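Novice: fold the following for me, if possible:
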Amino acid sequence: MADQYQFNINEEKIVKNSHTKEIDLINRDPKLINEDVVKVEFEDVIAEPDGTHSLDSVWKLSYTTFTVSKYWCYRILSAIFGIPVALLWGFLFACISFCHIWTVMPCIKSCLIESQCISRIYSLCIQTFCDPFFEALGKIFSSVRVALRKEV
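Specialist: Below you'll find the predicted structure:
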């Protein structure tokens, strides 16, 4: 009884851990899928060439305004829309997974099974009709000799 109780506890831990995976709050893009796409800094958007510089205080305030507004706008948008959009994406990928598991793979497997049957019939037809024909042609043309002569 104690062994069965221990097994149930271990099984519950495994199930619980698969749904409550620890996430990294520091490195939020470990696979670098957004490395080149959304890293937009002030210098990437606004630049003043030599000879046309604004006042230093305007430049500093523009930098601060751009950086802070980008930061807070992203924070507010992700707070409002992050969970609903994550829910939609989760639903979409669940539907894709469901379709792949329950329709696509069985259909592909069915096609593979049918194609094996057709492949055997096709192979039998080739061996029965085409192989003797091409072997006979090969024997006929095996005695043909081609000689190349250079004309002067």
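Novice: residue nearest the centroid of the protein?
Specialist: I33 (10.8 Å; Cα atoms, centre = their mean).
Novice: what's the following helix or strand after the lengthiest helix in the chain?
Specialist: Across the chain, the longest stretch assigned as helix under DSSP state H is helix 56-99. Next helix or strand after helix 56-99 toward the C-terminus (DSSP states H and E): helix 105-125.
Novice: mind listing what's buried in stretch 44-63?
Specialist: In terms of neighbour count (16 or more other Cβ atoms under 10 Å), stretch 44-63 has no buried residues at all. Glycine gets a C-beta too; all of them are placed from N, C-alpha and C.
Novice: shaky segments in this protein?
Specialist: Where the chain drops to pLDDT under 70, the residues are 1-20.
Novice: give me that answer again for 80
Specialist: 1-21, 29, 33-39, 152 (pLDDT under 80).
Novice: so which strand or helix has the residue nearest to E48 when sequence neighbours are not counted?
Specialist: Distances taken as Cβ to Cβ, 6 or more residues apart in numbering place S54 nearest to E48, at 6.5 Å, with adjacent residues excluded. Per DSSP H and E, S54 falls between elements, in no helix or strand.
Novice: for F66, grab the count of nearby residues.
Specialist: Using other Cβ atoms under 10 Å, F66 has 16 other residues around it.
Novice: contacts only, for it.
Specialist: Going by Cβ atoms under 8 Å, 6 or more residues apart in numbering, F66 touches 42, 45-46.
Novice: so which of those residues sit within helices?
Specialist: Using DSSP H, the contacts of F66 in helices are 42, 45.
Novice: how near is F81 to T52?
Specialist: Here the criterion is Cβ to Cβ, to the nearest Å. By it, F81 lies 39 Å from T52.
Novice: for the residue nearest to the centre of the chain, helix, strand, or coil?
Specialist: Put simply, I33 is coil when judged by DSSP: H, G, I helix; E, B strand; the rest coil.
Novice: who are the contact partners of it?
Specialist: By Cβ under 8 Å, 6+ apart, I33 has no neighbours at all.
Novice: give me phi/psi at it?
Specialist: phi -80, psi -20 (degrees, to the nearest 10).
Novice: begin at 7 from now on, thanks
Specialist: Let's use 7 as the start, then, which means that last one is I39.
Novice: could you measure it against F87, distance?
Specialist: For I39, the distance to F87 - Cβ to Cβ - is 19 Å.
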